[in-house]
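Peer 1: coordinates for the following, if possible.
(chains A and B)
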2 protein chains.
Amino acid sequence: MPKNRRILLKNRPTGLPSPSDFELVEGPVPEPGEGEVLTRTLFLSLDPYMRGRMSAAKSYAKPVELGQVMTGGTVGEVVASRHASFAPGDVVVGQGGWQDYAVLPGALLRKLDPRLAPVSTALGILGMPGMTAYVGLLDIGRPKPGETVVVSAASGAVGSVVGQIAKIHGCRVVGVAGGKAKTDYVVEELGFDAAVDHRSPDLADALAAACPKGVDIYFENVGGATQKAVWPLLNDFARVVVCGLIAHYNDPTPPPGPPMLDVLRKRLTVQGFIVYERSHLQADFLRDVGAWLQAGKLKYREDVVVGLENAPEAFIGLLQGKNFGKLVVKVA
Amino acid sequence: MPKNRRILLKNRPTGLPSPSDFELVEGPVPEPGEGEVLTRTLFLSLDPYMRGRMSAAKSYAKPVELGQVMTGGTVGEVVASRHASFAPGDVVVGQGGWQDYAVLPGALLRKLDPRLAPVSTALGILGMPGMTAYVGLLDIGRPKPGETVVVSAASGAVGSVVGQIAKIHGCRVVGVAGGKAKTDYVVEELGFDAAVDHRSPDLADALAAACPKGVDIYFENVGGATQKAVWPLLNDFARVVVCGLIAHYNDPTPPPGPPMLDVLRKRLTVQGFIVYERSHLQADFLRDVGAWLQAGKLKYREDVVVGLENAPEAFIGLLQGKNFGKLVVKVA
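Peer 2: I've put the predicted structure just below:
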């Protein structure tokens, strides 16, 4: 008889989480109620936003309670269904969390067609990170042909899609990533115009050289030194799309931001957003990104870790930039 | 034969300007060329943005060169005209600068009707400051009924109009100003819901008490301690309209801004703007604000200094918050 392994939040970390902040427990496989579906997790998505959920600090979503299973997006196979739209064998995407089995309301699941794309892409380029890139760049950044777009965490699940969509829209695209393998990848594989290593001691100069006409859109995934290097390059009327600040998620107190005088003098727009609040754009996203993917205009890369038990370590590595591409855990 | 007194920029100030950064010189009255108009200055507007023009730092407008007359908006009487639209005796608004007489291209002048409102209002509520308030609040802040609007420099030329227009739009309006006379004025005369003294040692607590539902729009004219007190009160999706930062105009280096993590977590929009770039809204502004003024829904207060020679000292006082209402110099 199968068991359900679950990874719980054991402690609220200070700074970088450690493996001891998580606890793996075993229990019975739950049963679905009316309108619910039992899924067996195939893939678990690991994403930077999860660091926020481990903290009790006020944010846009409730924290995970201590002793509760870590939340997370999952692709799963339906094992049992008490919802008319789903049958055993269906593959669905939803919020199953860090566990082998999840009972989920059918209303919150979306069925996948495994013939269209590998199902794990529903956690990446065709899922939340891809839609984050699409919405943030197009709805907030509003790129115009010929503009220069800088994206940080450029080889990551969001950044890689931002840069490629910006290229489709006729922009000059400069990626910032950690290490030569990643900077090579975004230029040679993804077709960015240039890439800069954020570990480089001459980051500011290298970025300035890569942006001879300044920066019109900065898609911010990181904060820290990259933000400092981009900021002076912003053109008048530049848009700063604040999607993530992974360099600061482990900071005990938030650091100050860049000078407001620049916001005034350059008439900048600095805007934060959460993809879930723009769900009216999901149909557009699936249509456009699905078509670009089919046409070979978008590429993606997954970093697949095998085994649910390895999720904590993989997640800690994500916060340190150790992954290369969209990080997913192959659970079954 | 009349002379033209002109006030030139003599030195680029570091920190607060001093009277010795200006020089008053006398010379002949200039003559208009084809398409130009000679005006005698009646009123000169003094505005915080002029501090930026005294600095060589890159900004949205060119600095005043050393030895050149200080720029500034003026209401003047036409003395001689070589432009078909203007005749001697007409009263016009334009950029005459800190001087008794100015030759200006007719194309850049707007004729005033002295029967509609005192002509000095073309430098205040019916001029650049009023339009700054109108555009910043409505086009960028986008107030909704029931929202809470905080405006700094609330008794000033811009802030007083922001708050009154926000009231017309059904908002709760809280002003921040320096001293009891000004905080009383914005509540008792202008009809704000509350006002807080930025010199108060418990500014943060007082502001929090005045904004029990948080802050949806912060109209920023000041920066400094007021910004620090407002920032934690911002609600999700709040808009920060960055119009001015007078507390920092004398800073040798721009101070850091508020944390970007808040921009992300609260999905803030922080946007700088310059009124001249939204001139397509001028007709709307003149129609709406003109009508509200006629209907008695808007009040204004002028701080009139007599004598061109007193402009430097009055301007230095403006940067210290010594004026009370729109500061103008009565030149003739």
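
Peer 1: residues from the stretch 151-300 of chain A in reach of chain B?
Peer 2: A:220, A:223, A:227, A:236, A:242-245, A:248, A:254-274, A:277 (Cβ under 8 Å from any Cβ of the partner chain). All C-beta atoms are positioned from the backbone trio N, CA, C, and that covers glycine.

Peer 1: check the stretch 1-150 of chain A too.
Peer 2: Going by Cβ under 8 Å from any Cβ, the residues of the stretch 1-150 of chain A near chain B are A:52, A:58, A:59, A:60.

Peer 1: which residues touch residue A:11?
Peer 2: By Cβ atoms under 8 Å, 6 or more residues apart in numbering or on different chains, the contact list for residue A:11 reads A:20, A:21, A:66.

Peer 1: look at the one residue in the stretch 1-150 of chain A that gets nearest to chain B and tell me its secondary structure.
Peer 2: Using Cβ to the nearest Cβ, the single residue of the stretch 1-150 of chain A nearest to chain B is residue A:59, 4.8 Å away. The three-state assignment at residue A:59 reads coil, by DSSP: H, G, I helix; E, B strand; the rest coil.

Peer 1: give me phi/psi at it?
Peer 2: With angles defined as degrees, to the nearest 10, residue A:59 sits at phi -150, psi -170.

Peer 1: doesn't residue A:51 make contact with it?
Peer 2: No - contact criterion Cβ atoms under 8 Å: residue A:59 and residue A:51 do not qualify, at 10.3 Å.

Peer 1: any idea which element residue A:41 lies in?
Peer 2: strand A:36-45 (DSSP states H and E).

Peer 1: need phi/psi at residue A:302.
Peer 2: phi -110, psi 150.

Peer 1: let me have the residues of the stretch 1-150 of chain A next to chain B in CSV, adding neighbour count and pLDDT as columns.
Peer 2: Below are the residues of the stretch 1-150 of chain A next to chain B laid out as CSV (neighbours: other Cβ atoms under 10 Å in any protein chain shown; pLDDT from 0 to 100):
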residue, neighbour count, pLDDT
A:52, 18, 93
A:58, 9, 76
A:59, 16, 77
A:60, 16, 79
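
Peer 1: which of these sit farthest apart?
Peer 2: A:52 and A:58 (10.2 Å; Cβ to Cβ).

Peer 1: shared neighbours of these two, anything?
Peer 2: Joint contacts of residue A:52 and residue A:58 (Cβ under 8 Å, 6+ apart) are residue B:265.

Peer 1: quick revisit: mind checking which of the contacts of residue A:11 are buried?
Peer 2: For the contacts of residue A:11, a neighbour count by 16 or more other Cβ atoms under 10 Å in any protein chain shown gives the buried set as residue A:21.

Peer 1: how about the helices of the stretch 201-332 of chain A, start to end?
Peer 2: A:203-210, A:224-230, A:260-265, A:282-294, A:311-319 (DSSP state H, counting those that start in this stretch).

Peer 1: for the last one, name the packing helices and strands.
Peer 2: This points to helix A:311-319. Applying 3 or more Cβ pairs under 8 Å, 6 or more residues apart in numbering or on different chains; DSSP states H and E, we find helix A:311-319 packed against strand A:326-330.

Peer 1: average model confidence for the strand it packs on?
Peer 2: The average of the pLDDT scores along strand A:326-330 is 98.
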